[in-house]
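Enquirer: need a structure here:
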Amino acid sequence: MTDTGEETENTPEVEETTVRRPLRGVVVTVALIVGVLLILGIIAGTVGWVRFIHVAPVEGPGAYVDIRPGDSVTAVSERVFALGMTSSPQALRWYWRLRHGGSLREGRYVLEGIGDMEALYQLLTSGSPLTVRVTFPEGYTVHQMAVRLQEQAGITADDFLKAAMDNQGKLLEGHLFPDTYEFLYAGNAAEVVARMLNRFADVIPSDWVTQAVKRGLTGDQLITVASIIEREAKYDADRPLVASVIFNRLAEGMLLQMDATLEYVLPSHDGFYTYEELKYDSPYNTYLYPGLPPTPICNPGLASLNAAAHAPASTYYYFLAKPDGHCVFARTFAEHTRNMRLYLSGGS
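Expert: Reported below is the predicted structural model:
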């Protein structure tokens with residue numbers, strides 16, 4: 001019986017040992033797998049982060065990004081991805097959120113030398129955007145200014161034309177002073193217009209309104225006179241007498257008959273019009289309609305503004321631009337006809 005009892009007691013011990021060993025092996029295996037997975041996860045995360053913050057440098061004339069008024073970080077993020085700089089269209093946007101970035105600042109940002117996401121972020125938050133110098137010649141119309149601005153400063157012509165309107169939806173023709181300005185490339189068109197309006201206010205003669213009233217004109221009508229002077233006279237020395245001709249004809253109720261006003265709406269042929277074209281029906285055609293045209297026809301420079309404000313008294317009612325650009329003046333139509341025969345037939 002003793003032997004039988006010992007055998008009975010030893011049998012469970014053998015079975016218990018057999019069950020525990022496999023369980024320990026499973027736990028160890030699971031722990032190893034989990035450890036390996038954690039390591040792989042850390043490695044993948046590290047690789048992903050490095051890839052996320054990496055920026056592929058771009059070089060050459062296309063190494064820039066434009067930020068326009070109203071642009072979102074998402075839009076800019078997609079632009080730098082399109083340049084091949086970032087790993088994802090949303091990479092910059094995610095980094096921007098991680099850094100709690102603020103608002104974008106418009107302008108063109110040169111991307112050469114940018115090699116990581118932090119450098120790109122710093123450029124767009126605190127870097128200096130590109131600026132350009134743009135010169136608007138005297139006598140440019142608002143539309144001509146819009147084209148030049150688009151070509152040289154990356155501000156679309158449409159944006160500029162929308163900004164260059166008054167509260168009644170009329171172009172600010174005549175009020176945008178032609179000068180050399182420094183602007184943000186791809187900047188805000190409204191800020192450009194404000195700069196030009198402020199410059200006009202700085203240079204316009206201080207007695208402008210007084211001089212307009214003396215001639216029975218509004219300030220805007222006197223600007224229209226200055227704009228005609230600008231387009232009719234090539235040289236500053238001629239501008240005061242051209243102004244006197246305009247005022248003399250207005251005072252006598254004569255048609256101005258200025259080619260420059262018609263040219264605002266109908267291009268000429270090397271400065272000349274056919275007889276039929278002179279009948280073109282437009283309030284800017286001063287061969288048909290008396291008085292001044294409804295608006296200025298260009299943006300005059302300072303010499304033309306001064307000539308309009310301080311025109312000398314004269315007895316001239318006609319003038320003609322000679323082939324060399326200088327003007328010759330006449331008191332009567334007979335004198336004017338003689339000048340046309342003399343100077344438009346090869347004289348000097």
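
Enquirer: stretch 290-301: end-to-end distance?
Expert: Across stretch 290-301, the terminal residues are separated by 25 Å (Cα to Cα, to the nearest Å).

Enquirer: kindly report the same for stretch 286-294.
Expert: According to Cα to Cα, stretch 286-294 extends 11 Å from its N-terminal end residue to its C-terminal end residue.

Enquirer: what does stretch 263-281 give?
Expert: Counting by Cα to Cα, the terminal residues of stretch 263-281 are separated by 13 Å.

Enquirer: same check, this time on stretch 307-322
Expert: Start and end residues of stretch 307-322 are separated by 20 Å (Cα to Cα).

Enquirer: any buried residues in it, and which?
Expert: Applying a neighbour-count criterion of 16 or more other Cβ atoms under 10 Å, one finds A307, A308, A309, A311, Y316, Y317, Y318, F319, L320, A321 buried in stretch 307-322. Placement of C-beta: from N, CA and C, glycine included.

Enquirer: mind listing what the second one touches?
Expert: It refers to A308. For A308, the residues meeting the contact criterion (Cβ atoms under 8 Å, 6 or more residues apart in numbering) are Q211, L222, I223, V225, A226, I229, A243, P300.

Enquirer: apply 7 Å and report the result again.
Expert: A308 is in contact with L222, V225, A226, I229, A243, counting by Cβ atoms under 7 Å, 6 or more residues apart in numbering.

Enquirer: redo these as JSON lines? Include neighbour count and pLDDT.
Expert: Shown next, in JSON lines, are the contacts of A308 (neighbours: other Cβ atoms under 10 Å; pLDDT from 0 to 100):
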{"residue": "L222", "neighbour count": "26", "pLDDT": "98"}
{"residue": "V225", "neighbour count": "28", "pLDDT": "98"}
{"residue": "A226", "neighbour count": "29", "pLDDT": "98"}
{"residue": "I229", "neighbour count": "30", "pLDDT": "98"}
{"residue": "A243", "neighbour count": "26", "pLDDT": "98"}
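
Enquirer: which ones among those map onto helices?
Expert: By the criterion of DSSP state H, membership of these in helices covers L222, V225, A226, I229, A243.

Enquirer: pull out the buried positions in stretch 265-275.
Expert: Neighbour-count burial for stretch 265-275, counted by 16+ other Cβ under 10 Å, picks out Y273.

Enquirer: quick one: end-to-end length of it, please.
Expert: By Cα to Cα, the extent of stretch 265-275 from end to end equals 16 Å.

Enquirer: just the mean pLDDT for that stretch, thanks.
Expert: Along stretch 265-275, the predicted confidence averages to a pLDDT of 87.

Enquirer: what ranges does the protein have for its strands?
Expert: 64-67, 107-110, 131-135, 180-184, 318-321, 327-330 (DSSP state E).

Enquirer: could you measure from the closest residue to L217 other than its chain neighbours over to A146?
Expert: Leaving aside its chain neighbours, L217 sits nearest to V225 (7.4 Å; criterion: Cβ to Cβ, 6 or more residues apart in numbering). Relative to A146, V225 is positioned 24 Å away (Cβ to Cβ, to the nearest Å).

Enquirer: now swap in I246 and tell me
Expert: Counting by Cβ to Cβ, the gap between I246 and A146 amounts to 28 Å.

Enquirer: again with Y140
Expert: 10 Å.

Enquirer: more neighbours: these two, which one.
Expert: Under the criterion of other Cβ atoms under 10 Å, the comparison of Y140 against A146 puts A146 first, with 23 against 20.

Enquirer: leaving out sequence neighbours, find the closest residue to the more buried one.
Expert: Nearest non-adjacent residue to A146 (Cβ to Cβ, 6+ apart): A157, at 3.9 Å.

Enquirer: correct me, but the one you found touches V147?
Expert: Yes: under the contact definition of Cβ atoms under 7 Å, A157 touches V147, with a separation of 5.8 Å.

Enquirer: who has more neighbours, these two?
Expert: Neighbour count, other Cβ under 10 Å: between A157 and V147, A157 has more, with 17 against 13.

Enquirer: pull the contacting residues for that one.
Expert: With contacts taken as Cβ under 7 Å, 6+ apart, A157 has the following neighbours: A146, V147, Q150.

Enquirer: ok, those vs I67, which is closest?
Expert: Taking Cβ to Cβ as the measure, I67 sits nearest to Q150 out of those, at 17.0 Å.

Enquirer: what about that closest one, how many residues nearby?
Expert: 16.

Enquirer: now it, nearest residue through space, not along the chain?
Expert: Counting by Cβ to Cβ, 6+ apart, A157 is the residue found nearest to Q150 once chain neighbours are left out, at 4.5 Å.

Enquirer: still on that earlier bit, tabulate the strands of the chain (TSV), appending mean pLDDT.
Expert: Written out in TSV, the entries for those read as follows (pLDDT from 0 to 100):
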stretch	mean pLDDT
strand 64-67	90
strand 107-110	91
strand 131-135	96
strand 180-184	95
strand 318-321	95
strand 327-330	97
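
Enquirer: just tell me which of those ends up closest to Y235.
Expert: Between Y235 and the strands of the chain, the shortest gap by Cβ to Cβ is with strand 327-330, which sits at 7.7 Å.

Enquirer: each with direction, which strands does that closest one pair with?
Expert: Strand 327-330 has these partner strands in its sheet, going by DSSP bridges: strand 318-321 (antiparallel).
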